[in-house]
Every structure is written in C-alpha cells, then in structure tokens.
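[1] give the three-dimensional model of this entry:
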Amino acid sequence: MPPSSVLRLPPRTFAIAAAAVPLALAVVADDVRVRRQLRTARRDPLTGLSGRDVLMDRITRLAAADREQLHVLVADADGLKAVNDTLGHAAGDVLIAAIGHRIGAWAQARGGLAARLGGDEFAAAVLLSPAATVRDVTALADQLAQPVACGTHRLRPAVSIGTARAADLPDAASASRLLRGADMAMYRVKNGSEVRGYVATRHDAYTPAVHGRRPGRPGTHLPVG
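    Residues are numbered from 1 along each chain as shown. So this is what the prediction gives:
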C-alpha cells in the first residue's frame, strides 16, 4: 500500500483506545468478583455445599447431557436431635459438617454436585452406571457412617439414603420430580419399609404432595376445624 493511502488517526484516538483497555479489564474483573460473591452467598456456611436452587439447575443440566446415568439421592441423618440434646448443638454442627463434606466429595468424584437442603437433610445429583447403583449407594452409606471425632467423643452417624434414577422415570420428569422420588425412597428406607439401596419407582416420584411436602413430613397435616 503506498504511503499516501495510509490512514492516519489523530493522537487522541490512540489515547481513547488505550484508556478503554483497562476499563474493559476492570469491568471483566468486577463481573468475576460479583459472580464469586454470588456463589459464596448461595453456599451453606456450615458445610460449604450448594443450596437447593443450584442443585435443581445441575439436575436439569445432567438430565440433558446423560439421562441414562443420572441419579438423584436424598440423605437424611438419623439421631441428630439426640446428639444436640446430649452434647449440644455445636456437636450437632460438627456431625452435619462431616456428613456434608463426605457426600460433597463423593458426588464431585462422580461428576455431580451435592447440596444441603436444610437441617440434617442433603441431596446429590451424580452420574452412575445403572448396574452399579445399589453398590455405589451402599458404599456411600458406609462412608457416611464412619465415626466423626468431636472433642473427646466419637460420633457415629446413621444416614438413610433414597435414590431416584432418571432412566426409570418418563423423559418429561422434571428435576423436582426426581428429587421427590429420591425423597420418598429415603423415607421408605428410614421407616424400614424398604432395604438400604432402594431405588424410587414412578409411583414414588408422582406421590401427591401436601403443601409442597412429602406426606408424613412435619407441616403436611391439614388443620382440623
């Protein structure tokens, strides 16, 4: 290109462009910072696990990516009230934190995510081979039952786990439907009507809710009179 055809921009143009670069970087950095703060705010402070909304989003994403291997689990600690009553709530917090850490690491190792639903109840969405469901869930139950050191005491957790397998439910089954199935399966294991490793049926997943909660949970009984 001959020299006469070179476009010569005034110095002010370069100054504006140079000033825009750090401004753009600052906007990106601020966006990253805000996203990190939001993620932190949405995590349970005691266990570091995500909340229900993050879990539901992950279930939906995993269902779209690999419905055949998607499993949703609900785990509920047994006897937490006894620990709180005898050793204090600080000991109960130690127990909850240990269970949360264990189920979180287990889920992450299987391409999934765990969440604390509240109190002593947890849930996870993971990718498992359907043929290995009972084996893997049983292994998780054994892992969660390992003793937890709390001062001079050794707490022995007891955790009931229920599982819902996406492949066993209609393709239209939503994340909330899978979670309900796992919750019903957990309840059946907890009350002794099913053995450990029980997997939810379609009936479990489509059990009608009362006030949005599983029948039998506190708050599901309608007021009388």
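[2] contacts and neighbour counts: CA atoms only from here.
    Noted.
[3] could you break the protein into its assigned domains?
    9-41, 52-205 (automatic domain parsing).
[4] buried deepest among those domains, which one?
    domain 52-205 (a mean of 19; mean count of other Cα atoms under 10 Å).
[5] and residue 154, which helix or strand is it part of?
    Using DSSP states H and E, the element containing residue 154 is strand 153-155.
[6] and for residue 180?
    Counting by DSSP H and E, residue 180 is found in helix 175-190.
[7] need the residues that contact that helix.
    Applying Cα atoms under 8 Å, 6 or more residues apart in numbering, the contact partners of helix 175-190 are 56-57, 59-60, 72-76, 160-166, 194-196, 198-202, 204-207, 214.
[8] check stretch 118-134 too.
    With contacts defined as Cα under 8 Å, 6+ apart, stretch 118-134 is touched by 55, 58-59, 62, 66, 68-77, 80, 96, 100, 103-104, 107-108, 110-117, 136, 165, 197-198.
[9] straight-line length of it, end to end?
    End-to-end span of stretch 118-134 (Cα to Cα, to the nearest Å): 25 Å.
[10] so what's residue 205 up against?
    164, 177-182, 184.
[11] pLDDT on the helix holding residue 180, on average?
    For helix 175-190, mean pLDDT is 95.
[12] gap between stretch 102-112 and the chain center?
    From the chain centre to the centre of stretch 102-112 is a distance of 10 Å (Cα atoms, centre = their mean, to the nearest Å).
[13] just to revisit the earlier point, comparing the domains of the chain by mean pLDDT, which bottoms out?
    With a mean of 57, domain 9-41 has the lowest mean pLDDT of the domains of the chain.
[14] starting at the chain centroid, how far to whatever helix or strand residue 100 lives in?
    Using DSSP H and E, residue 100 sits within helix 89-108. Put simply, helix 89-108 sits 13 Å off its chain's centre (Cα atoms, centre = their mean).
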